[in-house]
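S.K.: model this:
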Amino acid sequence: MMTTKTLLTSAVAGLLAAGIAGDGAAQEKANATEKCHGVAKKGQNDCSTASHDCAGKAAKDKDPAEWKMVAKGTCEKLGGKLTAAGEAKKAPGKS
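M.R.: Down below sits the predicted model:
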């Protein structure tokens, strides 16, 4: 009987540990992306802009005001910019 209880306790602890590790992996993946302006195709932007309030509403391909999340470090390789047209890039830690 004691062996069954020990086995069950170990299994539950393993599941909890796997869940905690999974949350860290999801956070790492979120940090591995960046907003890339000017690469979204018509109707495939990720979020709103000054001209509309919803994702998927880009009116034309590669509009500099539209953005899409891409893997970190790939934006400029795709021909995009990390800041929107006319938006100055803020220095880290400054508001």
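
S.K.: Leaving out sequence neighbours, find the closest residue to Cys54.
M.R.: Ser48 (5.9 Å; Cβ to Cβ, 6 or more residues apart in numbering). Glycine gets a C-beta too; all of them are placed from N, C-alpha and C.

S.K.: Pretty sure that neighbour sits against Ala55.
M.R.: Yes - counting by Cβ atoms under 8 Å, Ser48 touches Ala55, with 7.2 Å between them.

S.K.: now the strands for the protein?
M.R.: Counting by DSSP state E, the chain has strands at residues 33-37, 67-71.

S.K.: if I read this right, Gly79 contacts Lys62, doesn't it?
M.R.: Yes - using Cβ under 8 Å, Gly79 is in contact with Lys62, at 7.5 Å.

S.K.: Show me which of the two is the more surrounded one.
M.R.: Lys62 (15 against 10; other Cβ atoms under 10 Å).

S.K.: pLDDT wise, what is the nearest residue to Ser51 once chain neighbours are set aside at?
M.R.: Closest residue to Ser51 apart from its sequence neighbours, by Cβ to Cβ, 6+ apart: Ala65 at 6.8 Å. pLDDT recorded at Ala65 is 88.
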